[in-house]
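Engineer: Here is my input; please provide its structure:
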Amino acid sequence: MRFSEYFNDWLYGENGYYTTLKPIGKSGDFFTSVSTSQFFGGSIANYLIRRIDEGAIDKNSLVLEIGAHKGFLLKDMVTFIYTLRPELLSTLRFGVVERFLDVALELERFVYEHIGSSINFKVFSSLEEIREVSGFVYANEIFDAFSCELLYNEKFASVKDGKVVFDIDDTELLKKCKTFGIIKGEIAVGFKEYADAMSMAFEKLEFLTFDYGQEYPRNDFSVRVYKGHKTFPLFEIEDLKEFYKNSDITFDVNFEHLTKAFEQNGFKRLFYKPQMSALIDFGIHELLEILAQKANETVYLAELSKAKLLLSPLHFGERFKAISFTKGNG
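Structural biologist: Next up is the predicted model:
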């Protein structure tokens, strides 16, 4: 089995890791910005409001999340919009894309219990189900969960009996790797097709996503497994069967590859910057100032401590990047 197929089956095949909701945070296998602080979603909400005020996004748009997990980021977004600009909740429509029925049902239950009927909300099974005039799409850590191929000495990897073997010749894929300067490491599968599906779903769109990686090929392997808050580099695992489908597998995103995929589908890149810079630009400090004025000192200091992790170069601030693309905005 090609490594990309094995990777995809690990996460999305029968009984795959992401086919059911897994805990995130202390009780899970990893932390995310969403599980760390509500001010991550708050900052995105503040940015959305700003873009609506600037005329870049229509106030009647579909606000769509990709990879919503249980719905915590959506809840934070709606909470901050309600606080900052409540009238937008009567014009904006909200949605998530979730292909697995059990997860979709959990999402709907969570939204009903924690947000209620105050928003127009829908779960879509895929981007192909969507045909909208205007949209704002946001995501956190989705592209690191696309499958990938592994390249070494001009051979691509397969998995045999729980071990990675470089034994596949693929001339066309090797040419693609060379166009990106990749001579060793991962090349993601499906970026262009996903950008195409997103382009077809919206006539006018702004897409914002956060992920870890860099804007160049590392020419080394970053693929790794997370389990119980421990990191296991793939090639240090003797038998992958021990981790298969019961842990998270991921790799660093090559943002040059991602940018090319979206540009080939008619998108323009608005920005690419460290998460720290993006959240500051989105107004996270101003949001914390609002909290300082309204909450007691204990609550404020607790939220400030969590928000600092989003900005710290030692945590999410530097290694995680924000990238945004737009289509149909002139």
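
Engineer: Tell me the helix or strand right after the helix or strand encompassing Ile44.
Structural biologist: For Ile44, the host element (DSSP states H and E) is helix 38-53. Next along the chain after helix 38-53, taking DSSP H and E as the criterion, comes strand 62-66.

Engineer: how many degrees apart are that following strand and helix 38-53 in direction?
Structural biologist: Using axes from the mean of the first three to the mean of the last three CA atoms, to 10 degrees, the direction of strand 62-66 lies 150 degrees away from that of helix 38-53.

Engineer: Off-centre distance for strand 62-66?
Structural biologist: 12 Å (CA atoms, centre = their mean, to the nearest Å).

Engineer: For the next helix or strand after that strand, which outside residues touch it?
Structural biologist: Downstream of strand 62-66, the first helix or strand assigned by DSSP H and E is helix 72-84. Helix 72-84 is contacted by residues 34-35, 38, 40-42, 44-46, 48-49, 63, 65, 68, 88-89, 92, 94, 96, 110-111, 114-115, 118-119, 138, 140, 287, 290 when judged by CB atoms under 8 Å, 6 or more residues apart in numbering. From N, CA and C alone the C-beta is placed, and that goes for glycine too.

Engineer: For the least confident helix or strand in the chain by mean pLDDT, list every residue counted as buried.
Structural biologist: In the chain, no helix or strand scores lower on mean pLDDT, DSSP states H and E than helix 33-36, which sits at a mean of 87. Going by neighbour count (16 or more other CB atoms under 10 Å), the buried part of helix 33-36 is 33-36.

Engineer: next SSE after the helix or strand hosting Glu206?
Structural biologist: Using DSSP H and E, the element containing Glu206 is strand 202-214. Remark: after strand 202-214, the chain's next helix or strand is strand 224-227, criterion DSSP H and E.

Engineer: Centre of the chain to the helix or strand containing Val164, how far?
Structural biologist: Assigned by DSSP H and E, Val164 falls within strand 163-168. How far strand 163-168 lies from its chain's middle: 29 Å, per CA atoms, centre = their mean.

Engineer: quick one on the thing from earlier: pull the distance from the helix holding Ile44 to the chain's centre.
Structural biologist: Relative to its chain's centre, helix 38-53 lies at 16 Å (CA atoms, centre = their mean).
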